[in-house]
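In: Attaching a predicted model along with its sequence, questions to come.
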Amino acid sequence: MLTGPHALYVKWSLSFGMIEYVLLGVMAYDRYVAICHPLHYTVTMDRNTCVKLAAVSWCSSFLSAMSICVLTLALPYCGPNVLNHFFCEVPSVLRLACTDTSLAELVVFIFSILLVFIPFLLIVVSYVRILLSVQRMRSASGRHKALSTCASHLTVVALFYGTAIFMYMRPQSKSSRAGGKVIAVFYTVATPMLNPLIYSLRNQDVKGALKRALAKQRKQVHKRMAGITAEREEFRRSSVDISRRAVSMWAQVQAPKAGSDEDSLALKHWVYQS
């Protein structure tokens, strides 16, 4: 049985991961109400409703994580205690158990359906209704505004849910350990680091600053390329001039041996033509 800081780490990491998925489903519903029923938004999504949705998300995630952790960490672990992973991920911990883990895997799969797949269905249904509502809009600016509002949320949904479904909703016997480690690092480290950038791109000031930085970088690149081109042209001209002078000097030295002035003139003409 695993106890101590390892058990706390498994519980808290799993809890916060589940909270993220449930909150993404709640955010999809918020965008559905804002775009499809804008006049009812302040009534439907008032302060009390938001607090209740947040409380349900946190409580359901903590209870689910507690159930999974109690069942997983209570298993006997009599084999090697080295975890082939970057951190204590539940599927990796189950591989160390020296007993049948079918029940634990079934519990993980059930809670994955409840807290990952069902919110994902809510997101899909919400965005289908949003797309239908956007198609009925007559204003191009209104359609652009509605789609830009959903762009950041859809990006985060694709990152989180894509990795979660691949990680937790597949049989353990068919999972790849190396692939599982890469995916786990992606949705626990890379995706949270990208969240501030993804959500801040909706801010007009951030967009303007990003565009100015890219334009400045583009000008610097063009300036460097123009300088390199000028240096290459100057080098080519210098090389041609030096070559002509060298060949001219060689022709003057070889002129007395050519046998006639006509041969010397022909040689000089060939040098300048080259």
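Out: That came through, no problem. Residues are numbered from 1 along each chain as shown.
In: Tell me, domain by domain, which residues of the chain belong where.
Out: 5-202, 215-273 (automatic domain parsing).
In: can you list the ones you listed in CSV and add distance to residue 209?
Out: C-beta: built from backbone N, CA, C; applies to glycine. Shown next, in CSV, are these (distance: least, C-beta to C-beta, whole Å):
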stretch, distance to residue 209
domain 5-202, 10
domain 215-273, 11
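In: Could you tell me the least trusted of those?
Out: Of all these, mean pLDDT reaches its minimum on domain 215-273 (a mean of 69).
In: C-alpha coordinates for the host helix or strand of residue 132, PDB please?
Out: Per DSSP states H and E: residue 132 is located in helix 118-135. Only the C-alpha atoms of helix 118-135 are listed here, as PDB (Å, rounded to 0.1, in the frame of the first residue of the first chain):
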ATOM      1  CA  ILE A 118     -19.800  13.600 -20.400                       C
ATOM      2  CA  PRO A 119     -18.400  17.200 -20.200                       C
ATOM      3  CA  PHE A 120     -16.800  16.600 -23.600                       C
ATOM      4  CA  LEU A 121     -20.300  15.700 -24.900                       C
ATOM      5  CA  LEU A 122     -21.600  18.900 -23.300                       C
ATOM      6  CA  ILE A 123     -18.900  20.900 -25.100                       C
ATOM      7  CA  VAL A 124     -19.700  19.200 -28.500                       C
ATOM      8  CA  VAL A 125     -23.400  19.900 -28.100                       C
ATOM      9  CA  SER A 126     -22.800  23.500 -27.000                       C
ATOM     10  CA  TYR A 127     -20.600  24.300 -30.000                       C
ATOM     11  CA  VAL A 128     -22.900  22.600 -32.500                       C
ATOM     12  CA  ARG A 129     -25.600  24.900 -31.200                       C
ATOM     13  CA  ILE A 130     -23.200  27.900 -31.400                       C
ATOM     14  CA  LEU A 131     -22.200  27.100 -35.000                       C
ATOM     15  CA  LEU A 132     -25.900  26.900 -36.000                       C
ATOM     16  CA  SER A 133     -26.500  30.200 -34.300                       C
ATOM     17  CA  VAL A 134     -23.500  31.800 -36.000                       C
ATOM     18  CA  GLN A 135     -24.700  30.600 -39.400                       C
END
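In: what about that helix, distance to the chain center?
Out: 22 Å (C-alpha atoms, centre = their mean, to the nearest Å).
In: who are the neighbours of it, in terms of helices and strands?
Out: In terms of contacts (3 or more C-beta pairs under 8 Å, 6 or more residues apart in numbering; DSSP states H and E), helix 118-135 is packed against helix 5-36, helix 140-168.
In: winner for burial among the ones you listed?
Out: Sort those by mean neighbour count, taking mean count of other C-beta atoms under 10 Å, and helix 5-36 sits at the top with a mean of 18.
In: C-terminal to that helix, what's the next element?
Out: As assigned by DSSP H and E, the chain's next helix or strand after helix 5-36 is helix 41-44.
In: How far off centre is that next one?
Out: Relative to the chain's own centre, helix 41-44 is displaced by 33 Å; criterion: C-alpha atoms, centre = their mean.
In: need the next SSE after that helix, C-terminal direction.
Out: helix 47-73.
In: List the buried residues for that next one?
Out: Within helix 47-73, the residues that count as buried by 16 or more other C-beta atoms under 10 Å are 53, 57-58, 60-62, 64-65, 68-69, 71-73.
In: and of the helices and strands packed on helix 118-135, who's closest to residue 130?
Out: Proximity to residue 130 (C-beta to C-beta) singles out helix 5-36 among the helices and strands packed on helix 118-135, at 5.2 Å.
In: before we move on, back to that, tell me which residues in the helix holding residue 132 are buried?
Out: For helix 118-135, the buried set under the neighbour-count rule, 16+ other C-beta under 10 Å, comprises 119-120, 122-123, 126-127, 130, 133-134.
In: Could I get those residues in TSV, plus columns for distance to residue 15?
Out: Shown next, in TSV, are the buried residues of helix 118-135 (distance: C-beta to C-beta, whole Å):
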residue	distance to residue 15
119	15
120	19
122	20
123	21
126	25
127	27
130	30
133	35
134	35
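In: Just the closest of those residues to residue 218, please.
Out: Nearest to residue 218 among the buried residues of helix 118-135, with distances taken as C-beta to C-beta, is residue 134, at 32.8 Å.
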